[in-house]
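A.B. asks: Quick check, what structure comes out for this input:
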Amino acid sequence: MNTMYVFSGHHMDSSKTKKPFDKIFVIQRISSSKETFETVSPFLIQRAIVSTIGEVNSVRKLRSGDLLVEVNSLKQAQQILKLKSLETIQINVTTHRTLNSCKGVITCGELFNDTMEQITQELKSEGVIHVRRINIRRDGKLFPTKHLILTFNSPKLPVYSCRIY
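C.D. replies: So this is what the prediction gives:
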């Protein structure tokens, strides 16, 4: 279990924690006639991926016809981003927009007067990449709450035991 010392003045030793990396990628086919992977043999796709980056965790065809690929290692993540073709098929590889991160909600009144940028910066070492405050509407007016939505740079929520002061 990780321990986060929010208000104690202590910080986790980030050199001892495993650095997360993007594991889920989208492969789009580059075609002037808007072709997708719908007509491409799954055997060809598998052979091409295995021969270029090795065995991956999973490959799925999306409704759009693009491929969703989950890699196993940082090395594979770096290799897949460099790919420009699978066999003779020209491709474009991007990280998936939402599946490489997750969100969690915290309630902390002590952070009410801090800006979202300050909170994000202070929690960066914990893997937080974005903070948004939840607002409520009363009588047509928006009011900020003490509840914050944290976006983490990992697809799984970290397990924390928060120690305050």
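
A.B. asks: what residues are up against P144?
C.D. replies: Residues near P144 by Cβ atoms under 8 Å, 6 or more residues apart in numbering: 112, 133-135. Quick note: C-beta positions are derived from backbone N, CA and C, even for glycine.

A.B. asks: repeat for C102
C.D. replies: Counted by Cβ under 8 Å, 6+ apart, C102 has contacts 151-152, 154-157.

A.B. asks: which of those residues count as buried?
C.D. replies: Neighbour counting with 16 or more other Cβ atoms under 10 Å marks 151-152, 154-155 as buried within the contacts of C102.

A.B. asks: ok, those residues vs P42, which is closest?
C.D. replies: P155 (24.7 Å; Cβ to Cβ).

A.B. asks: Let me see the domain layout of the chain.
C.D. replies: 24-95, 102-152 (the TED database).

A.B. asks: Quick check: longest helix in the chain by residues?
C.D. replies: Criterion DSSP state H: the longest helix present in the chain is helix 42-53.

A.B. asks: can you list the residues that contact that helix?
C.D. replies: If you take Cβ under 8 Å, 6+ apart as the criterion, helix 42-53 is touched by 37, 56, 59, 61, 67, 69, 71, 76, 79-80, 83, 86-87, 89.

A.B. asks: same thing but at 10 Å, please
C.D. replies: By Cβ atoms under 10 Å, 6 or more residues apart in numbering, the surrounding residues in contact with helix 42-53 are 27, 37, 40-41, 55-56, 59, 61, 67, 69, 71-73, 75-83, 85-89, 91.
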